[in-house]
Structure formats: C-alpha cells, structure tokens
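*Asks:* just the structure for this:
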Amino acid sequence: MPGVTPGKWARIWGERQPDVPLRLAGMPAAEAAGAVRGGDADAVFLRLPVDRADLSVIPLYTETTVVVVPKDHVVAAVDEVTADELADELVLWPLDDTLDWERPPGRPADERPATTADAIELVAAGVGVLVVPQSLARLHHRRDLTYRPVTGAPESRVGLAWREDRTTELVEQFVGIVRGRTVNSSRGEPAAPKAKPTAKAKAAAKAAAQARAKAQGGEPRRGSGKGAKGARG
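*Replies:* Got it, this is the predicted structure:
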C-alpha cells in the first residue's frame, strides 16, 4: 500500500526464513482488503478502519496528518497549523483519499483529482493545498514542496491483515516480525522439543554415579531431595 515501507521486515524475514521467498507487491490502499480476501496475498498492510469480517487485523501505528504546500506558501513559515486555519485555502480532495473526512477543511475544488499523485502536481502548480498522511507526503516528495503537521484533522491508522482461515505458521512468523518479536521470543521461532532420556542413557548415568561413589569410598545416596537421609556405611 502506498506509504508503507516494509523493507526492514522483509530483510528480517530473509534472515530468519532464507528458504522461503517473501514476495512484495504494491497496490492501491482501496484494493488491499480485497487482495487478501481473494487469495492474491497472504497478508496486507492497509489503512484502518476496515471491515473485519473473516479477517484478522492488528493495528500497527498511527500517522501524523500533514498539509502539503509550495515552499513559498505562508504555511511553510510555521511549525504546524490547525484544520480551521485552512478555511481560506482551496484544499484538494483526491478520489483515492485515505483520511476519513466528513468534509475536508477549506474551499473545495471544482473537480476532485483522480489520485494523490495528481493532487501533488496541482499543489506544485499553485492550484491548492493537500492534506494527507505524512508517509504519502514523503512518498511524493518534491524539492519545490514542503509539508507541516495539521491538528484537528483525521489521522490514518495502518494495520496488518490476513484471512482468519489462512493463519498458517508462516503467517504467524511474519506477524511476529512486524510486531518486533525476536527470534527467541515465546511466539517467535518454535523452540525445539526437549529430548527425553532413553533407558540406555539412564543406565549409563546410574553407572557413572555408582563409579563416582566407589571412588569416594562409599555408595551413592538413595532417594533425592529432603527425603534422602544419607549414604549407608
């Protein structure tokens, strides 16, 4: 999904699962849930909220909302603005907008840009300003544009989702990596089962104990713990 940078997680996956290739595919945010439901992806990063029917979803982080403006815009001179302070601005509202607005601030444009990328081009042309999650402002960075945080605006939450009926061991491993579990954590790589001592090993241990006792001039103690009363003379 645009704005998500999974490189770190992919690198860790390669270290822990070198024999299982991880294939990353980009897609529009609106298509992410459908891709995992349709079996085109084992797991997807998406923007919340989302219909959780038949999906397992974990929230990951909440993004800062920013306004993208030309570098010579008055907003560039301040550290942050409120949504109300954009009332006199023409605020572009692309059709692929990811913020849950009832109504964006400012004055609406006559037409909505088809994509965020198109809206960025219009901002660079001086047509208006654009309010987006910070990751999208970074994704579409241009030298002639800048951005500032906006308070009082909806925020975008990013999550990881997969189909409940396809919660495989490998999916669990990927979820653990994304959530920051180490390889030795309780829900990281499964621990190897402890081998039970065989009868032969028990006999060898008993013989070794008897040999040590004879070398010390006695016999091995009977019993163990507090119930043992010492060796016989």
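*Asks:* please enumerate the strands of this structure.
*Replies:* 44-48, 55-63, 65-70, 81-82, 90-92, 107-108, 129-133, 145-151, 156-163 (DSSP state E).
*Asks:* got the contact list for residue 45?
*Replies:* Residues near residue 45 by Cβ atoms under 8 Å, 6 or more residues apart in numbering: 1, 4, 6, 32, 60, 158-160. Backbone N, C-alpha and C define where each C-beta goes, glycine included.
*Asks:* relative to residue 98, which of those residues is nearest.
*Replies:* When the contacts of residue 45 are compared for distance to residue 98 (Cβ to Cβ), residue 1 wins out at 8.9 Å.
*Asks:* quick one: neighbours of the closest one, just the number.
*Replies:* Applying other Cβ atoms under 10 Å, we find 19 other residues in the vicinity of residue 1.
*Asks:* wait, what's in contact with the spatially closest residue to residue 179 that is not a sequence neighbour?
*Replies:* Here the nearest residue to residue 179 in space, its sequence neighbours aside, is residue 58; by Cβ to Cβ, 6 or more residues apart in numbering that works out to 7.1 Å. By Cβ under 8 Å, 6+ apart, residue 58 lies in contact with 159-161, 175, 178-179.
*Asks:* same thing but at 7 Å, please
*Replies:* Contact partners of residue 58, counting by Cβ atoms under 7 Å, 6 or more residues apart in numbering, are 159-160, 175.
*Asks:* what is the neighbour count of residue 133?
*Replies:* 25.
*Asks:* now it: how far from residue 58?
*Replies:* Using Cβ to Cβ, to the nearest Å, we find residue 133 at a distance of 18 Å from residue 58.
*Asks:* repeat for residue 39
*Replies:* 20 Å.
*Asks:* residue 34 too?
*Replies:* Residue 34 is 19 Å from residue 58, by Cβ to Cβ.
*Asks:* just checking, residue 63 touches residue 133?
*Replies:* Yes - counting by Cβ atoms under 7 Å, residue 63 touches residue 133, with 4.1 Å between them.
*Asks:* what is in contact with these two at once?
*Replies:* Common neighbours of residue 63 and residue 133 (Cβ under 7 Å, 6+ apart) are residue 156.
*Asks:* please enumerate the helices of the chain.
*Replies:* Assigned by DSSP state H, the helices in the chain fall at 7-16, 32-37, 116-124, 134-139, 169-178, 199-215.
*Asks:* flag every buried residue along the third one.
*Replies:* Spelled out, that is helix 116-124. Across helix 116-124, burial judged by 16 or more other Cβ atoms under 10 Å covers 116, 119-120, 122-123.
*Asks:* which residue is nearest the centroid of the chain?
*Replies:* Taking Cα atoms, centre = their mean, the centroid of the chain lies closest to residue 178, which sits 4.3 Å from it.
*Asks:* quick one: low-confidence ranges for this structure?
*Replies:* Across the chain, residues meeting the criterion (pLDDT under 70) sit at 185-202, 204-205, 209, 211-233.
*Asks:* got the domain boundaries for it?
*Replies:* 6-62+157-179, 65-154 (the TED database).
*Asks:* got these as a markdown table, with distance to residue 208 columns?
*Replies:* Formatted as a markdown table, these follow (distance: least, Cβ to Cβ, whole Å):
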| stretch | distance to residue 208 |
| --- | --- |
| domain 6-62+157-179 | 39 |
| domain 65-154 | 63 |
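*Asks:* for the ones you listed, which one ends up most surrounded?
*Replies:* Across the domains of the chain, the average number of neighbours (mean count of other Cβ atoms under 10 Å) peaks for domain 65-154, which reaches a mean of 17.
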